[in-house]
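Novice: Could you look at this predicted model? Sequence included:
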Amino acid sequence: MSTSTPWELVIGLEVHCQLKTRSKIFCGCATSFGDAPNASTCPVCLGLPGALPVLNGHAVELATRASLALGCTVHEESVFARKNYFYPDLPKGYQISQFDRPLATDGCVLIGRRADGTPRGIRVHRVHMEEDAGKSVHDRFRDVSAIDLNRAGTPLVEIVSEPDIRSAAEAATYARRLKQILEYVEVSDANMEEGSLRVDVNISVRPRGSHTLGTKTEVKNLNSFSAIERAVEIEFARQCAVLDNGGRIAQQTMLYDDKRNQVRPARSKEGSHDYRYFPDPDLPPLRLSRAWIAARAQALPELPEARRARFAAQYGLGDVEIEQLLATRELADRFEAVAEAASDPRRAANWMLGTVLASVNASGGAMADHPVSPARLGALIRLEASGEVSNTAARQVFALMEHEDIDPLTLATREGLRQVRDDSALVEWIGEVLAENPVEAARFLAGEKKLQGVLVGLVMKKSKGSADPRMVNQLLGARAG
C-alpha cells in the first residue's frame with residue numbers, strides 16, 4: 001500500500017466467533033454443522049409467540065475465557081438487549097445481543113514488533129455475547145430464495161477492535177492472531193469456511209497527520225485472510241479516488257465479491273440509534289462473581305504470545321520456525337513432546353514441520369491421531385542424530401512406523417537400514433571403489449580434493465546406502481593426506 005498518497009488508512013475489525021457449545025445460546029437445539037435445513041430448530045429459535053429464552057451457561061464460560069485470553073476486563077454485570085431490525089432470516093424481528101453493558105472491555109492483541117523493537121498491539125474495544133441469525137439460501141436457477149434457521153440462536157461473541165489498524169496486511173495479521181488465540185483457549189473451532197469465524201472490516205481514510213476519523217464503510221462477512229487484505233486494498237483505493245476528485249464518502253455497508261475481486265455497496269449503514277436497543281425483558285442481567293472470573297483466568301493455558309517468547313529462549317528456534325510451530329495448539333504441543341523425547345529441539349522442529357506435517361495433511365486426520373507417537377519419533381530422531389541411520393534411511397523407517405507399532409531400531413535392523421560404521425567394512429568398500437575407478441583414484445590421491453565427493457557417492461552406492469558417509473569421508477581424507 002503506497003505511502004505517497006496524502007490519505008491515511010484507518011481500520012477497525014468486528015469479528016464474529018461461534019462458541020464451541022453443543023447447544024444454542026438460548027435453547028437446547030444442536031449447533032452441529034451440516035444438518036438438514038431447519039432440522040435443528042424449536043419454538044425459541046423460531047421466534048414463536050410465548051417462547052422464552054434461557055441462557056446457556058457453557059456459552060457464558062467460553063465467552064469469558066475468550067475475553068480473558070484477549071486481556072479484557074470481564075465485568076461482573078452485563079446486560080442482554082434487543083437489537084431491532086428486519087431480515088428474512090431473523091424470525092423474531094430482533095437479535096438478542098449486548099449493547100451499552102457488554103461482557104468485557106479494554107483488551108489487546110499483539111501483532112508483532114515495530115522497527116524500533118517495541119511491541120505493536122491492536123486494542124480490543126469490547127467483547128459481547130449475542131445470538132446468530134439464520135441463513136438465506138438463494139437458488140438463481142429456480143429463481144427462489146429459502147430460509148434455513150439451523151444457525152439462528154447459535155452462540156457468538158463479537159470482538160470489536162479500536163480503529164488502530166493502518167494497513168491491509170496488519171488487518172490480516174490481527175485476524176490471524178485473534179483466530180490463533182481463540183483456538184488455543186478452545187472456545188471455538190474458528191473454521192472460516194464453515195462460518196464459525198466471520199470478519200467485518202470498517203474502513204475510513206483521513207488526511208495524513210489528522211486525528212479525526214473519516215466516514216467509514218463496512219465490508220461484511222469476509223471469510224478468509226486473503227479476502228480481508230484484498231477487500232481493504234480495493235476499498236481504500238476507491239475512497240482515496242472519491243476524495244481526490246472532491247467527492248464525499250457515504251456511510252454504507254459493502255460486500256466483497258471474490259470472483260470479480262471487487263467491493264460493491266449493499267445498503268446504507270445503520271447507526272446504533274437505528275436498531276432501537278433496549279434491555280431484553282425476558283433475560284435478567286448476567287451477574288458473575290469476582291471469584292468465578294478469577295478462577296477462569298487462572299485456568300487459561302499458556303497463550304501464543306508467551307509461547308513465542310519461551311520457544312525462542314528455551315529451544316533457540318528462529319521466528320519463522322516458531323510461527324510455523326505455533327500455527328495450531330496441537331502442533332505446538334506435539335512438537336514439545338517430540339523435542340523432549342528426542343532431546344534435540346532443532347531436529348524435532350525439522351521433523352514436525354517437514355515429514356510429520358506432510359504425513360498428517362496427506363492422511364486428512366488430526367495431529368493427535370497420527371500413529372507415530374512422540375516417544376517413538378523421539379527414538380528415531382536419536383538414531384538419526386547418533387548416525388545409527390542416515391537421514392534418508394530415517395525417512396524410510398518413519399514410513400514403516402506409520403503402519404507398524406515397532407520401535408525404530410528394530411525396524412532399521414530388519415530392513416538393513418542401519419549405517420555400517422565398522423572400519424574394516426568401510427575400508428574394503430573404499431578399496432573396491434578405488435580399484436574400479438583407477439583414473440579418478442589416481443587424481444584424488446595426487447591431491448585433487450574435489451573428487452572426494454564423487455568417491456564418497458560411489459562408496460554409498462556400493463554399500464546400498466548403508467555406509468556412514470561421515471566415516472567414509474574421514475577414511476578417504478586420511479588416504480589423500
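Specialist: Ah, there it is.

Novice: any low-confidence regions in the stretch 251-400 of the chain?
Specialist: The model of the stretch 251-400 of the chain has pLDDT under 70 over residues 269-272.

Novice: Show me the strands in it, by range?
Specialist: Secondary structure of the stretch 251-400 of the chain (DSSP state E, counting those that start in this stretch): strands at 252-257, 262-268, 278-279, 286-287.

Novice: Just list what the longest one packs against, helices and strands only.
Specialist: On a contact count with 3 or more CB pairs under 8 Å, 6 or more residues apart in numbering; DSSP states H and E, strand 262-268 meets helix 225-244, strand 252-257. C-betas here are computed from N, CA, C, even on glycine.

Novice: can you pull out the helices in the stretch 301-450 of the chain?
Specialist: 304-315, 319-325, 329-342, 345-351, 357-363, 374-386, 391-401, 408-414, 423-436, 438-445 (DSSP state H, counting those that start in this stretch).

Novice: what would those look like in TSV with mean neighbour count and distance to residue 212?
Specialist: Below are the helices of the stretch 301-450 of the chain laid out as TSV (neighbours: other CB atoms under 10 Å; distance: least, CB to CB, whole Å):
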stretch	mean neighbour count	distance to residue 212
helix 304-315	16	32
helix 319-325	17	36
helix 329-342	20	41
helix 345-351	20	48
helix 357-363	13	48
helix 374-386	20	55
helix 391-401	17	60
helix 408-414	18	65
helix 423-436	15	77
helix 438-445	14	76
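
Novice: now those as JSON lines including distance to residue 51?
Specialist: Listed next are the helices of the stretch 301-450 of the chain as JSON lines, based on distance: least, CB to CB, whole Å:
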{"stretch": "helix 304-315", "distance to residue 51": "41"}
{"stretch": "helix 319-325", "distance to residue 51": "47"}
{"stretch": "helix 329-342", "distance to residue 51": "38"}
{"stretch": "helix 345-351", "distance to residue 51": "54"}
{"stretch": "helix 357-363", "distance to residue 51": "45"}
{"stretch": "helix 374-386", "distance to residue 51": "50"}
{"stretch": "helix 391-401", "distance to residue 51": "56"}
{"stretch": "helix 408-414", "distance to residue 51": "60"}
{"stretch": "helix 423-436", "distance to residue 51": "82"}
{"stretch": "helix 438-445", "distance to residue 51": "88"}
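
Novice: Residue 229: which of the ones you listed is closest?
Specialist: Among the helices of the stretch 301-450 of the chain, the nearest to residue 229 by CB to CB is helix 319-325 (17.6 Å).

Novice: ok, and what's touching that closest one?
Specialist: Helix 319-325 has contacts (CB atoms under 8 Å, 6 or more residues apart in numbering) with 308, 311, 312, 317, 331, 332, 335, 349, 352, 353.

Novice: And for residue 451, nearest residue in space, chain neighbours not counted?
Specialist: residue 444 (4.3 Å; CB to CB, 6 or more residues apart in numbering).

Novice: Quick one, grab the pLDDT at that neighbour.
Specialist: For residue 444, the pLDDT comes out at 87.

Novice: Go through stretch 69-82 and flag the buried ones.
Specialist: For stretch 69-82, a neighbour-count test (16 or more other CB atoms under 10 Å) marks 69, 70, 71, 72, 74, 75, 78, 79, 80, 81, 82 as buried.

Novice: got it, and stretch 89-106?
Specialist: In stretch 89-106, residues buried by neighbour count (16+ other CB under 10 Å) are 89-92, 94-99, 101-105.

Novice: Pick out the most distant pair among the residues you listed.
Specialist: 91 and 105 (30.5 Å).

Novice: quick revisit: including distance to residue 408, could the contacts of helix 319-325 go into a markdown table?
Specialist: Putting the contacts of helix 319-325 into a markdown table (distance: CB to CB, whole Å) gives the following:
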| residue | distance to residue 408 |
| --- | --- |
| 308 | 31 |
| 311 | 26 |
| 312 | 30 |
| 317 | 24 |
| 331 | 22 |
| 332 | 24 |
| 335 | 19 |
| 349 | 19 |
| 352 | 16 |
| 353 | 20 |
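
Novice: Looking at those, which one is closest to residue 240?
Specialist: Nearest to residue 240 among the contacts of helix 319-325, with distances taken as CB to CB, is residue 308, at 35.3 Å.

Novice: my read: the closest one touches residue 318, true?
Specialist: No - counting by CB atoms under 8 Å, residue 318 is not a contact partner of residue 308; they are 11.5 Å apart.

Novice: Pick the most deeply packed of the helices and strands packed on strand 262-268.
Specialist: helix 225-244 (a mean of 19; mean count of other CB atoms under 10 Å).

Novice: That one packs against which elements?
Specialist: strand 7-18, helix 168-184, strand 197-207, strand 217-222, strand 252-257, strand 262-268.

Novice: Let's see that with 6 Å instead.
Specialist: helix 168-184, strand 197-207, strand 217-222, strand 262-268 (3 or more CB pairs under 6 Å, 6 or more residues apart in numbering; DSSP states H and E).

Novice: quick revisit: in helices only, show me the buried residues of stretch 69-82.
Specialist: residue 69 (DSSP state H).

Novice: would you list the buried residues of stretch 69-82 in CSV and tack on distance to residue 141 and pLDDT?
Specialist: Converted to CSV, those look like this (distance: CB to CB, whole Å; pLDDT from 0 to 100):
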residue, distance to residue 141, pLDDT
69, 44, 98
70, 43, 98
71, 49, 97
72, 46, 98
74, 48, 98
75, 49, 98
78, 45, 98
79, 45, 98
80, 41, 98
81, 40, 97
82, 37, 96
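
Novice: Let's verify residue 111: helix, strand, or coil?
Specialist: Assigned by DSSP: H, G, I helix; E, B strand; the rest coil, the conformation of residue 111 is strand.

Novice: how near is the closest residue in space to it that isn't next to it in sequence to residue 213?
Specialist: Excluding the flanking residues, the one nearest residue 111 by CB to CB, 6+ apart is residue 173, at 4.7 Å. Residue 173 sits 22 Å away from residue 213, going by CB to CB, to the nearest Å.

Novice: who's more crowded, the two?
Specialist: residue 173 (20 against 13; other CB atoms under 10 Å).

Novice: distance of that one from residue 266?
Specialist: Taking CB to CB, one finds residue 173 at 26 Å from residue 266.

Novice: Likewise for residue 6?
Specialist: In terms of CB to CB, residue 6 sits 29 Å off from residue 266.

Novice: Between the strands of the stretch 251-400 of the chain, which one is closest to residue 389.
Specialist: Across these, closest to residue 389 is strand 252-257 (CB to CB), at 51.3 Å.

Novice: what angle separates that closest one from strand 217-222?
Specialist: Taking axes from the mean of the first three to the mean of the last three CA atoms, to 10 degrees, one finds strand 252-257 and strand 217-222 inclined to each other by 40 degrees.

Novice: outside of strand 252-257, which residues touch it?
Specialist: Residues outside strand 252-257 that contact it (CB atoms under 6 Å, 6 or more residues apart in numbering) are 217-220, 227, 231, 263-269.
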